[in-house]
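**Student:** dropping the sequence and predicted coords here.
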Amino acid sequence: MPSLSYASPTTANDAIALLAGASGQAKLLAGGTDLLVQLRSGRVRPDLIIDTKKIPGIIGIREENGDFIIGAATPGAVIEAHPQLKQVWPGVVEAMDLIGSTQIQGRASLVGNLCNASPAADSVPAMIAAGGVAVILGSKGRREAPVEAIVVGPGRTSLAKDEFILEIRLPKPPPRTGDAYLRFIPRTEMDIAVVGCGVCVTLDAAGVCTAAKVSLGAVAPTQLVVKDAADALIGHTLDDATLAKLDAAARAVCRPITDKRGTIEYRTKVAGVLARRTAAIAFQRAQGVQVKAH
Amino acid sequence: MNYIVSKPELKAVGTRPVRPDGVDKVTGRATFGADMVLPGMLWGKVKRSPHAHARIVSIDTSKAEKLPGVKSVITAADLPEIASEEAFVGEGPMNFRDLSRNCIARDKVLYEGHAIAAVAATSQAIADQALELIDVQYDVLPHVIDVEEAMEPDAPILHDDLFTANVEPTPTKPSNIAKRVYFAKGDIEAGFREAEVVVEGRYTTKPVHQGYLEPHACIVTVAADGQAQVYSSSQGHFMVRAYCAKLLGWDIANIRAVPLEIGGGFGGKTLIYLEPLALTMSKRAGRPVKMMMTREEVFRGTGPTSGAIVEVKIGAKRDGRIVAAKEILKYQAGAFPGSPVQPGCMCGFAMYDLPNVEVTGYDVVSNRPKVAAYRAPGAPISSYAVESALDDLARKLRMDPIALREKNGVRDGSKTHYGPTHQNIGFLQTLAAAKNSDHWKAPLKPGQGRGIACGFWFNIGGESSGAVHINEDGTAAVVSGSPDIGGSRASMALMAAEVLGIQVEKVRPIVGDTASIGFTHVTGGSRVTFATGMAVTQASERVVEQLKARAAQIWEIPPEAVDWRDGAAYPAGSNAGAFEPLSLGEIALRAAKTGGPISSEVSLNAQGAGPGFGVHICDVEVDSETGGVKIVRYTAVQDVGKAIHPSYVEGQIQGGAAQGIGWALNEEYIYNNKGQMENPGFLDYRCPVASDLPLIETIIVEVPNPRHPFGARGVGEVPIIPPMAAVGNAICDAIGIRMTDLPMAPPKVRAALDTQALPKAAE
Amino acid sequence: MSKHHISTTINGEPVEFLCEPQETLLDVLRNTLNLTGSKEGCASGDCGACSVICDGRLVCSCLMLGVEAEGHSIVTVEGIANGDELHPVQRKFLEHAALQCGFCTPGLIVASKALLDENLNPTEEEARYWLAGNLCRCTGYDKIIRAVMDAAAEMREEARAA
């Protein structure tokens, strides 16, 4: 058994030093709901586990001038219990809530889900659609990057060896903004998304879309930002013609694989279905209607 | 004594006391296979083949043996070579030579996950490290998984000495078809000539696993003189003892198998995997050895049930009378012969009174784990095909599906196509109960579909032992040899309490180990309440005779002059004498002085197991855009003979239905093109979770089985048989499409809808 | 490889143990502390048989390292009853026959208690979704849900009476 070490730094700088100085492979540990599974299966064999949970600010949610700042290791259960966050970003909260069971929710985090970099990660399309920004710390200091810039391939992020994400910032949404996330799974729970879709729209007083962002998950090696889908919405209400264009745009951009969770053909069709259904909820929320996604 | 006839008002049987082992289970105190520890124990682990089919060229264990902390490393060379001997292993046919080679591979590996070596070390981490140090050289061979591909003449052959049995002329070339099964009644050609309406279908199913939550586990200890203890969870500790003795060449008397609590079996634990390996290593190392499979090992290395292809053709008159029924079943056996194709051949048509029948079955080996029994082995697959075809027939005839079953349903005196004549059965009563149920009468909402399907299982009896001991204070101990999977201990206590006439809380049941109670066949075949219940009942009756004799002695009257009722001895009429009744407790207090301990043990081979019939009603909603199927209402109706403990009878029915629903909708083994399983975990092997199911209503029908003292029939297996067709028939009702390939997962439903929507090509 | 010395609270008692970094909390509970009530069904967080409550939150102990328990408070199935007084969830499981083999039962008892600690009035659907992470292969969940709803009703009644 290769010897495994464990450290739980109490400052961000200590964590950076451990990452930078690691001679073998170092893995960050927040909730552990991906890492421990991979450790057990032998998919990863790190030399060092760096537990981030004692770093100040890494657990917790705060509001700053209307922005929501969510600590990287904040468990899903805390996110779901935050009434203001749920009120403003119901799609992001629902996406997080969909990840695994109640037990997983007790530990799993947004950033863990993001940095595990599965193409099917549930939180990521929702964070992308919401315009989420990752706040990154490393030896070179602090930088920010949009969430869609983090995942570069299955299991790979754009973070440098000595970097970690401290928090996610969800910017203050303009008035009449609504977001939603839906995924398709074969059972009612406990499955990895076959397709995931995050939509965020801003409407004018007449209900016409003025801004939109659409992101699809599990239909490509990384989450997609579907500009054509957003363009199909901007300047329109969600009438049948718009829905059809949206469906087509979502399908056109899919580059899925056939695997044990879905075929190319099926994923593509369902991407269109989810795009329509998710947009419908986002539009309703932007108009102030309280909608439960499921 | 038959209590249904003689004692219509039962006091204990039919009630719902809290089960005696319940508190231990809700507090975490119950000891399951992996919970036990012994001082000085080693951890055992198994090295498994990564290849689906390969010759073992060499195994070098030298590096592993040298690793500090490793106390034993074994391969097949360390176990005796077992000669070919046919047997009925657990709940299915198998050869002891095959069982031995399944536990540890000899010459060839036949499936990914096949055990090839084992180690015992002072820690799990060291054992894992040692496995990696074992160097195996393989000569990889072409493999075959699909059953029809395995039947092709040019398929890769698994066994050079396997020739298809029961075909003419006797084959000279080895084959993957182990045997052909054939049943016929009447004249099938004439039957189809007579038919006015014909339906046919070809149905395909994938292998599914029993899915018990508890992985296989055992802890064994062998002394230097060869006396061994095996503590394990199994569906039969006498089976564990017998098979270990057989595979190791040890005297049965030298193995004491102790049953720990078992975390689910459903047939999958009616045979052994780890125990012979643990015993061999424990003897070598002189220390106890504990072994536990990981979930991945359970999927890769233990028997699921068959995947299969079934072709069915049914011919009927316009009035609904079926005149011809034909079925061809091709079942995967996995790496060694012994699929449940025979019961599949028996059960599909067994519910219907048919003049002309032909059923042909093929037992086919392929490079995947050897199949193990799974709840009514073989029958769910066969009934999926038959009940779906009958649904098609009902639609073609514009006939109510229950009415179609009633028109053709078996009753007392109906002769089956596989031999026996039905007696004292309750199929028509079960159909009637389904027809009269609230569910059947409830209107469907728009977009919903409803389906029904039926199931039959013959249930078995067999060898069981039960003992009843009266304690000095008048309480009682009941010992039986049947591991308790679903609450059978509670039923044993109820039956004993009924006969003795005392409160069930005063009757404490345990499962005795192999040295402490007489031989008992496995817990399976829905036999325990029937056969072990019969042994316990008879032992209780003999105890009552002894109690009466003691009272007679005390009163100085002949034993025939004593009655027993409500837990006490009474003089039988005024001539016997004006004695105050003597309670069981009072007699027990005086046992030593009246002859000694009051106790009885009965061993029997129970005959007359009554078959069970089930009818299930399922309502679904289909999301036509995603193909997602939601079960919105489910009712299971079943004839159980007599519900000894109704809560556990309901539980068996609900559990079987849930497994069948999983089999119908989402469960399957997924293989890559190297013959390796891609989903060996609960994430992608999709068993139903709590949010997938509605409440499952159960309707218990009681047509007593006169061969059991309380009228009981086996319950556990029937309920897994109807669900696949019930769900498929409901989907057909909802979307007008017959799904013929399991599982009926969303991508398939969506694809079927899309195909249906395509404009038909010009003819 | 050196072991870490961990101080924690388990079922209300201070507990110290040594463990290696790669050992999960489940491994520690079962193999070091002999608290075998929590079960290993899958070791990958998919079955819930290892459920415990950590600082008031339901988690899978197979997905926590033993070292992560430092300074935290863990409740296992062994800590649900109060001496010989069973928790309402435990009593209702027994009354409703909500267990057959009993292997999933510890995890379900812990998960159900966690549900009722948070919400004494769940709907059937809420209970099912909360418990979706606890696989049961024997019961089909019917009697489990009935037991949980009945325990909730009893606990609501007690809270009203108090």
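**Tutor:** Sure thing, it's come through. Residues are numbered from 1 along each chain as shown, chains lettered A, B, ... in the order given.
**Student:** could you give the mean pLDDT of stretch A:6-17?
**Tutor:** For stretch A:6-17, mean pLDDT is 98.
**Student:** close to chain C, is it?
**Tutor:** Yes - using C-beta under 8 Å from any C-beta of the partner chain, we find that stretch A:6-17 touches chain C at A:6, A:8. No exception for glycine: its C-beta is placed from N, CA and C like everyone else's.
**Student:** do you know how far the nearest residue to A:Asp204 once chain neighbours are set aside is from A:Gly198?
**Tutor:** Excluding the flanking residues, the one nearest A:Asp204 by C-beta to C-beta, 6 or more residues apart in numbering or on different chains is A:Thr210, at 5.3 Å. To A:Gly198, A:Thr210 is 18 Å away according to C-beta to C-beta, to the nearest Å.
**Student:** repeat that for B:Pro80.
**Tutor:** Counting by C-beta to C-beta - B:Pro80 and A:Gly198 are separated by 62 Å.
**Student:** between the two, which one's more packed in?
**Tutor:** A:Gly198 (33 against 12; other C-beta atoms under 10 Å in any protein chain shown).
**Student:** give me the three-state assignment for that one.
**Tutor:** At A:Gly198 the chain is in strand, as set by DSSP: H, G, I helix; E, B strand; the rest coil.
**Student:** OK, contacts around it?
**Tutor:** A:Gly198 sits next to A:91, A:95, A:124-130, A:179-181, A:213-217, A:278 when contact means C-beta atoms under 8 Å, 6 or more residues apart in numbering or on different chains.
**Student:** show the buried residues in the residues you listed.
**Tutor:** The neighbour-count test (16 or more other C-beta atoms under 10 Å in any protein chain shown) marks A:91, A:95, A:124-130, A:179-181, A:213-217, A:278 as buried among the contacts of A:Gly198.
**Student:** which ones among the residues you listed map onto helices?
**Tutor:** A:91, A:95, A:124-129, A:278 (DSSP state H).
**Student:** what sits against the residue in the stretch 301-450 of chain B that chain C sits nearest to?
**Tutor:** Residue nearest to chain C within the stretch 301-450 of chain B: B:Arg375 (10.6 Å; C-beta to the nearest C-beta). B:Arg375 makes contacts with B:210, B:266-267, B:656, B:659, B:716-717, B:720, as judged by C-beta under 8 Å, 6+ apart.
**Student:** 7 Å - rerun?
**Tutor:** Contacts of B:Arg375 were listed using C-beta atoms under 7 Å, 6 or more residues apart in numbering or on different chains, and they are B:266-267, B:656, B:659, B:716-717, B:720.
**Student:** so B:Ala64 lies in a strand, does it not?
**Tutor:** No - counting by three-state DSSP, B:Ala64 is located in no strand; its state is helix.
**Student:** tally of neighbours for it?
**Tutor:** Here the number of neighbours of B:Ala64 (other C-beta under 10 Å) works out to 22.
**Student:** with B:His114 instead?
**Tutor:** Other residues close to B:His114 by other C-beta under 10 Å number 29.
**Student:** next one: B:Arg508
**Tutor:** Around B:Arg508 there are 17 other residues, counting by other C-beta under 10 Å.
**Student:** can you tell me the helix or strand for the residue nearest to A:Asp204?
**Tutor:** Element membership for A:Thr210 (DSSP states H and E) is strand A:209-217.
**Student:** other SSEs contacting that strand?
**Tutor:** The contact analysis (3 or more C-beta pairs under 7 Å, 6 or more residues apart in numbering or on different chains; DSSP states H and E) places strand A:209-217 against helix A:123-129, strand A:195-203, strand A:224-225, helix A:227-233.
**Student:** 8 Å - rerun?
**Tutor:** helix A:123-129, strand A:195-203, strand A:224-225, helix A:227-233, helix A:240-253, helix A:264-286 (3 or more C-beta pairs under 8 Å, 6 or more residues apart in numbering or on different chains; DSSP states H and E).
**Student:** a markdown table for these, including mean pLDDT?
**Tutor:** Converted to a markdown table, the helices and strands packed on strand A:209-217 look like this (pLDDT from 0 to 100):
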| stretch | mean pLDDT |
| --- | --- |
| helix A:123-129 | 98 |
| strand A:195-203 | 98 |
| strand A:224-225 | 98 |
| helix A:227-233 | 98 |
| helix A:240-253 | 98 |
| helix A:264-286 | 97 |
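**Student:** make TSV out of these and add distance to A:Asn116.
**Tutor:** Shown next, in TSV, are those (distance: least, C-beta to C-beta, whole Å):
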stretch	distance to A:Asn116
helix A:123-129	10
strand A:195-203	14
strand A:224-225	18
helix A:227-233	25
helix A:240-253	23
helix A:264-286	20
